[in-house]
Each structure stands twice: as structure tokens, then as C-alpha cells.
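In: Here is my input, please return the structure:
(one chain, ligands or ions: 2)
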Amino acid sequence: MSYRVAFIRGDGIGPELVESALAVLDAAVDFPVELIEVQGGAGAYLEQGTAMSAAGLEVIRQADATLKGPVGLPDVRLPDGTEAGLLGGVLRNGLDLYANVRPITLLPGVRSALRVEGGIDYVIVRENTEGLYASRGKGVGNSQAMADTLLVTRAGCERIVRYAFELAAKRQGAPEDGVRRVTCVDKANVLRSMYFFRSVFLEVAAEYPDIEAECIYVDAAAQALVMSPLHFDVIVTESMFGDILSDLGGGTVGGVALCPGGNIGTSQAYFEPIHGSAPSIAGAGQGEPTQSDPRDRDDGRLSRRTADRRPYPRRGTAGASQRVSAVEFGWDSNFRYQVGDHSGDRSVGVIIEEGKQFPWDRPRKHRAC
Ligand code: IPM
Ligand code: MN
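Out: Numbers count the residues shown, from 1 in each chain. Ligands and ions are numbered 1, 2, ... in the order given. Got it, this is the predicted structure:
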């Protein structure tokens, strides 16, 4: 049986990353994978007038899984000033991929900017189809004022919270104390939409008495992710909060270049790095997934200063997050996604896991439990 994996090279540093991820796929599986390239992003917009054609979207819809490089270029804009190459609206909303799942894990050999030796291992479950970004392309106003609306629906909230609890049920709990915990990050003290989000969270939490449920305001969460990251297991939050906090989390585990993201729906999923296209370093081979140094800025780039400690062999020129994305989802049985209409769990990650032909050692787990 052959699996259909669509891939989008994307913009800037994207093609290097995707090339690297495809090398992993090639090395890791011992069964047929049919690769189908789909044009997408700012380059596609310039060429064909749309960041993703209807035909391309259909290929992704039919695929077992999709690997996506970062897309968008700062100078390629729509008349309203927003970037023309982004695919969030098309893919996340278009395919109803409601769970943006972002593991924040300190990998072996990577030095954290924080004073921790290891152990950071939580997942941000970012609501992906509503929240403030539901206003994508729909803001209203004029030359004097603009407004975007933050939307929270009961159905949208219930399903993302449930996703978070189901994920926590499969994990081993927070590194700090082994307690299975879902943390709702909101701003319920100020916004009615956020109070609603929290209320629905608490309702759903009651269905999971064995999992600790807690709520924390987003500003306090930003501090806690720096001061006590080992406390966290699964975090569930609105889209913009999750967008911001996942980059913050990335900054604590070696940089966003090491952070994969899965966009998961009920029958499709795509996997991508959480960072942007970093056009300033495109083609420079600077995305090598080796050791990062907390002094470095990170936008898909990692430091080579301590390259002797690199946890991964060099393959291709780049691809930390994309490669980790392809592999991390396979390493961890917490990430078994139903993708496509095959029976059983099928995704790029699971395909890799089934392949068992890892070209390097599996990383050790940071915690014992
Ligand atoms: C991300 C990115 C996107 C988002 C942008 C590029 C639209 O920042 O995936 O985190 O905000 O969702
Ligand atoms: Mn982001």
C-alpha cells in the first residue's frame, strides 16, 4: 500500500527545510510513499495570482498527510496590507484543521535559554479556526479606524478543549510532578469571549476527573512558561495567545527553529515548522538542526558555535523544525493522528514510526515517569 504525502516547499528557507524533511522520510520508511508537490505561498501567488489553487487544495484534501514549509514573503502583500503568501486561512480554515498542536520539548543536546538542564516537555494546543484570527481578511473599518473581532463558539471551544484533554490522557503528565494537567490560558478577567472560553473549558474538564484542570491568565502564563516551564503538560488556548506563547516556548527550548507544529482536523493534517520563511537566510544553509545558543536570535536559524554537540547528523542543509516535525510526531505515540480515510492511524509521523529505520538514535526521554 502506498501513502500519498503532499508537500509544499514554501518560501524563503522553506524549500531547504522541506528537502531535508523529505530526506528523512526517504530514510525512515520502507514502504511506498507517493510524493506530490503542491505550489503554495508567496511564490505561488506571484506566479499564479493565488497562494494556493483550488486544484492544489484538493490534492492536499486527498493526501494522507502534508508537509508544509513556511510561506510568505514580507514584500508580497495583498491590497489590504496583509501578506499574500500565507496559507492559514486556506488550509486551517479551509480544511477545518482546528487543532494546532505545538510540542515544546527541550531535545537532547540542546541548551535552553533558561537555567534548566532538561525536562521542558509540554504541548500547546492552539485553537486554529476561530479566536482573533477568525477575522483574518475580514477586519472592518476605514482610514481612521479598524476593528477585528475575536470569535469563540461553543462548538469550537468544546472540540479544542476535548482535544487537549484527550492528548493529556495519553501523555505522562507534567515533568515537574507527573500530574496529568491541562492548563487553560485565557484573559477571562477582561474579555467576555475569554470568560466564555474558560467556562466551556471547565464544563469539558468535568468529563475528565483524572486530569487536573487549571486556568491561568495569558500574561501570567507568559511569565510561568519562563519561570516554571516544568509545571506544564498540555496548554489549551485561543489562536493569537497560542501563536505568541508558542514562540515564547520555542525561545526556551533552543528556538522556534526546533519547534514543529501539526495542524490537525478530523480527517486531514499538515505538519510545518512554527516559524516563518526567514528570507534573509534563504539558501544559506543556516537552518542546520544542530546546537542552538540562547544568545542567538532565531528565525529558522541555529547557531553552529557548538556544532560538535549536534544531536542529529547533517542531512541536506537545513530543516530543523521541519525535520523534527516529521520525526517528532513519529517518535511519540502521543501523536497518532487519523489522517485520510484509511483505517488505523496514518500520518507522516506514524508512517515514519512504522518504518523504524531511524538514521540516528532515538532521543532519550527527559523524565522517568
Ligand atoms: C504561525 C504563524 C502564522 C499564524 C502566520 C504566518 C499567519 O505565525 O503559524 O504561528 O499566525 O498562525
Ligand atoms: Mn506564529
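
In: Low-confidence stretches in the stretch 51-200 of the chain?
Out: Along the stretch 51-200 of the chain, the model assigns pLDDT under 70 to residues 108-109.

In: hmm, stretch 81-97 touching ligand 1?
Out: Yes: shown here: stretch 81-97 in contact with ligand 1 (Cβ under 6 Å from any ligand atom) through 86, 88. To be clear about C-beta, it is placed using only N, CA and C from the backbone, and glycine gets the same treatment.

In: And for stretch 101-115?
Out: No: judged by Cβ under 6 Å from any ligand atom, stretch 101-115 and ligand 1 are separated, with a smallest distance of 8.3 Å.

In: Quote the end-to-end distance of that stretch.
Out: Terminal residues of stretch 101-115 are spaced 26 Å apart (Cα to Cα, to the nearest Å).

In: and what of stretch 257-266?
Out: Stretch 257-266 stretches 27 Å from its first residue to its last (Cα to Cα).

In: what about residue 202, how many neighbours?
Out: Look at residue 202: counted by other Cβ atoms under 10 Å, it has 13 neighbours.

In: Apart from its chain neighbours, what residue comes closest to it?
Out: residue 213 (6.9 Å; Cβ to Cβ, 6 or more residues apart in numbering).

In: repeat for residue 39
Out: residue 56 (5.9 Å).

In: Go ahead and confirm that neighbour touches residue 36.
Out: No: between residue 56 and residue 36 there is no contact under Cβ atoms under 8 Å: 9.7 Å.

In: And those two? Which one has more around it.
Out: A direct count of neighbours by other Cβ under 10 Å for residue 56 and residue 36 places residue 56 higher, at 22 against 14.

In: Name the helix or strand for that one, please.
Out: helix 54-62 (DSSP states H and E).

In: Report whether the following helix or strand past that helix contacts ligand 1.
Out: Next along the chain after helix 54-62, taking DSSP H and E as the criterion, comes strand 65-68. No: for strand 65-68, no contact with ligand 1 is found by Cβ under 6 Å from any ligand atom; the gap never falls below 10.0 Å.

In: for the residue nearest the centre of the chain, helix, strand, or coil?
Out: By Cα atoms, centre = their mean, the mean C-alpha position of the chain lies nearest to residue 261, the distance being 1.6 Å. Classification of residue 261 by DSSP: H, G, I helix; E, B strand; the rest coil places it in strand.

In: Same question for residue 126.
Out: Under three-state DSSP, residue 126 comes out as strand.

In: Now do the contacts for it.
Out: When contacts are counted by Cβ atoms under 8 Å, 6 or more residues apart in numbering, residue 126 touches 99, 100, 101, 102, 237, 238, 239, 241, 242, 243, 246.

In: Give me the distance between it and ligand 1.
Out: Distance of residue 126 to ligand 1, computed by Cβ to the nearest ligand atom, to the nearest Å: 8 Å.
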